[in-house]
Every structure is written in C-alpha cells, then in structure tokens.
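Visitor: everything below, folded, please.
(chains A, B and C)
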Amino acid sequence: MKWVNHESHVEIYPPKEFKFTECLVFLGRSQEEVLHRIKDHYLYKLLLIQEEMILVKILEAEGIIKVEFPIVAPNNSKRIQVVNYIEEWFDFHSDLEGFYQMANEDQLLKRMAEKYYGLRMVGIPDLFEALTWAIMGQQINLPFAYLLKKRFVESYGNSLTFEGETYWIYPTYKEIAKVRVEDLRNLQFTTRKAEYIIGIAKIMVSGEITKEKLKHLEYHELHNQLMKIRGVGAWTAAYVMMKCFHQHSSFPIADVGLHNALKLQLGLENKPRIHEIKVMATNWEGWQSYATFYLWRSLYD
DNA sequence: ATCCAGGAACTGT
DNA sequence: ACAGTTCATGGA
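Guide: Next comes the predicted model:
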C-alpha cells in the first residue's frame, strides 16, 4: 500500500472502491461509541503504539487519506504502525472488484452495492478487542452491548484528554487478566461473559492465543481454533474472522442483525430461516462477509 | 407482563 | 449429532 510521509502528517493512497464518508457512516452508528470520535468529517482515534498513546486525526482530501497528529508527531517506526493500523481498520488490502461484480448480478445486493459503494469492512484489528467485543454483544440488544463496552473501556482502558475531549484505548488483555469475575459483574456483565472475557485475557497473556499464530491459518482451521476458546461459538468465530482476520468467506449466518436486514430488504413478514438464507447466499460464495456487512449497513439508514 | 436482543455452554437423549 | 434448557439484563 502506498503512503507518503510528511513532516507533520502522513498521506495514504487508498485503493479503488473506497469512500471514506461511507465508512464514517458505519463508524458513527452508535452515540455510545467510546473508541473513536467523529467531528466535522474528521475521525479521531487514540492508538497505543509501542507503549505510547498517539492521537490521530484522519480526514479525506481529494481522494487521499490524511493522518494528522494533533498532539505529538511520532517517529517513523511508529508512523509505520499507525499506517498499518489504519489500512487494516479500513480493509485497504482487499480488492473489492470481485465483490461488486458478484453483487451486480445479485438481486438483493445490487441496490446496496450501488448505494453504499466504497464502503469497506470496518474491522477490529486488535484480536482481544474483536473477541471480547463480540462476546459482549452476544444475546443482548445492541444499545446495551455498547453500554457494557463503555463501562468496560472506562474502567480498564487508558485515556487521554485533548482540547476538552477524552479519548480511550481499549483495555489490554494484560490488564483484564488481573480482573475478577465479580468486578465485571458490577459493570452488569453476566457471570458467563465475565468468565469468557477474563479467560480469553489469560490465554492471551500466556501466549496460547495470538493473532500472529492464527492469521496464517486457512479458513476452516482458523474457525476450529477460535471455536475451541470458551465463550466463542460459531457466531463469534465468524464475527472475528470477518472483523479481525479479513476472511471474506466468513458468514455469521445465525446473526440476528443479518436476519432483520434481510427481512427489511425483502419485505418479509417474518425473519428468514437459516436454510432460506443459505439459498439466498449461494451466489455470495467468497464474499459472504461483505454481503453481511452491507446488510448490516442497511439497518442504519 | 411477555418476548426478544449482533449466543454459548451445559444437559440429556 | 441433536434438541431442549439455562444464563441474565435492558428495552419495546
């Protein structure tokens, strides 16, 4: 991926089929989001790079992504990691030509592919965050899931305040490995969720699970390895594979949001059944995650 | 009150 | 393998 280093900022040349504003719509879907802030088409996020907190301000100007550093401009080795994070966050390494070709031939996806053209899978590069955020969202309504995340982040994450706004970094597994189930219970996590999350923190501290080890695995093997983790079922594994590992074939087919989007898009009386979704999705082969993501996006219109 | 939320583990067959 | 049950809380 091409990017240019300037004294005060960095420029990233995004791939084809990318619209920053479309991604901002998705990022702005919850008012309770604490891990980034959108203000006047600027996207702010606090990153932890080599033990240093770096606030980045991201904007698009003439098709180029500019990354500014409002507080302190980091050195070059840190800038490389900032760029890597942003490229992964917006799935810059994927070629979406195949997806749009497929979607153009698909009755259901055609309209959304045109409407949200340029939307890329907004990912969660950090594996601990991807896994535990998915677990927080299991079997509860989304607003409450965001509330849990907010409490979790504000209790155990690091923060920095700049010009009156506070920016947060997701808690590290190192920190959460020391937390007790009872502590998370006080934040209104269920006992199960507290156990799952702390359990994952511990196996990440031990090095048993790392993104490095998992990212080279092939689709099915990755799915199997994720499913071995307590608290991670088929839905969570699929969610993490699409949001953290950029697996385009990943398909959380049992997802309630997906069902609601399909019901709405197709004008159905009831939510579709799994076997019906399988039929609809036969053409999506290889791009199920993007199909799902665009359907999720359709819920925020 | 009753049902449903971006499910998963556990239990019994 | 598969279905039914339990977990727990907020919102409609």
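Visitor: make it CA atoms for all contacts and neighbour counts henceforth
Guide: Will do.
Visitor: within range of DNA strand B, give me the residues from the stretch 1-150 of chain A.
Guide: Proximity of the stretch 1-150 of chain A to DNA strand B, by Cα under 7 Å from any atom of the strand, involves residues A:134, A:135, A:137, A:138, A:139, A:140, A:141, A:142, A:143.
Visitor: name the element the closest residue to the first one other than its chain neighbours belongs to?
Guide: The one in question is residue A:134. Leaving aside its sequence neighbours, residue A:134 sits nearest to residue A:236 (Cα to Cα, 6 or more residues apart in numbering; 5.9 Å). If you go by DSSP states H and E, residue A:236 is part of helix A:234-243.
Visitor: now, of the residues of the stretch 1-150 of chain A next to DNA strand B, which are buried?
Guide: A:134, A:135, A:137, A:138 (16 or more other Cα atoms under 10 Å).
Visitor: pick the one among the residues you listed closest to DNA strand C.
Guide: Proximity of these to DNA strand C (Cα to the nearest atom of the strand) peaks at residue A:138, which lies at 8.6 Å.
Visitor: which pLDDT value belongs to that closest one?
Guide: Reported pLDDT at residue A:138 in the predicted model: 96.
Visitor: can you confirm it is in a strand?
Guide: No. Residue A:138: not assigned to a strand; according to DSSP: H, G, I helix; E, B strand; the rest coil it is coil.
Visitor: quick check: buried residues in stretch A:169-180?
Guide: Applying 16+ other Cα under 10 Å to stretch A:169-180 flags A:169, A:170, A:171, A:172, A:173, A:176, A:177, A:179 as buried.
Visitor: got it, and stretch A:208-222?
Guide: Applying a neighbour-count criterion of 16+ other Cα under 10 Å, the buried positions in stretch A:208-222 are A:209, A:214, A:222.
Visitor: give the contact list for residue A:194.
Guide: Applying Cα atoms under 8 Å, 6 or more residues apart in numbering to residue A:194 gives the contacts A:181, A:182, A:184, A:185.
Visitor: that one: helix or strand, and which one exactly?
Guide: Going by DSSP H and E, residue A:194 is part of helix A:191-205.
Visitor: residue A:149 too?
Guide: Using DSSP H and E, residue A:149 sits in helix A:142-156.
Visitor: now do the strands in the stretch 1-150 of chain A.
Guide: Applying DSSP state E, counting those that start in this stretch to the stretch 1-150 of chain A gives strands spanning A:3-5, A:9-12, A:37-39, A:42-49, A:52-61, A:64-68.
Visitor: now swap in the stretch 151-300 of chain A and tell me
Guide: Applying DSSP E, counting those that start in this stretch to the stretch 151-300 of chain A gives strands spanning A:158-162, A:165-169.
Visitor: comparing those strands, which comes out most buried?
Guide: Of all the strands of the stretch 151-300 of chain A, strand A:165-169 carries the top mean neighbour count, a mean of 17, counting by mean count of other Cα atoms under 10 Å.
Visitor: and residue A:130, how far is that from residue A:16?
Guide: 26 Å (Cα to Cα, to the nearest Å).
Visitor: identify the residues contacting residue A:32.
Guide: Shown in contact with residue A:32 (Cα under 8 Å, 6+ apart): A:143, A:146, A:147, A:150.
Visitor: give me the pLDDT for the last one.
Guide: The reference is to residue A:150. For residue A:150, pLDDT reads 97.
Visitor: ok, now which ones touch the residue sitting furthest away from the middle of chain A?
Guide: Distance to the chain centre peaks in chain A at residue A:269, reaching 30.5 Å (criterion: Cα atoms, centre = their mean). Going by Cα under 8 Å, 6+ apart, residue A:269 touches residue A:263.
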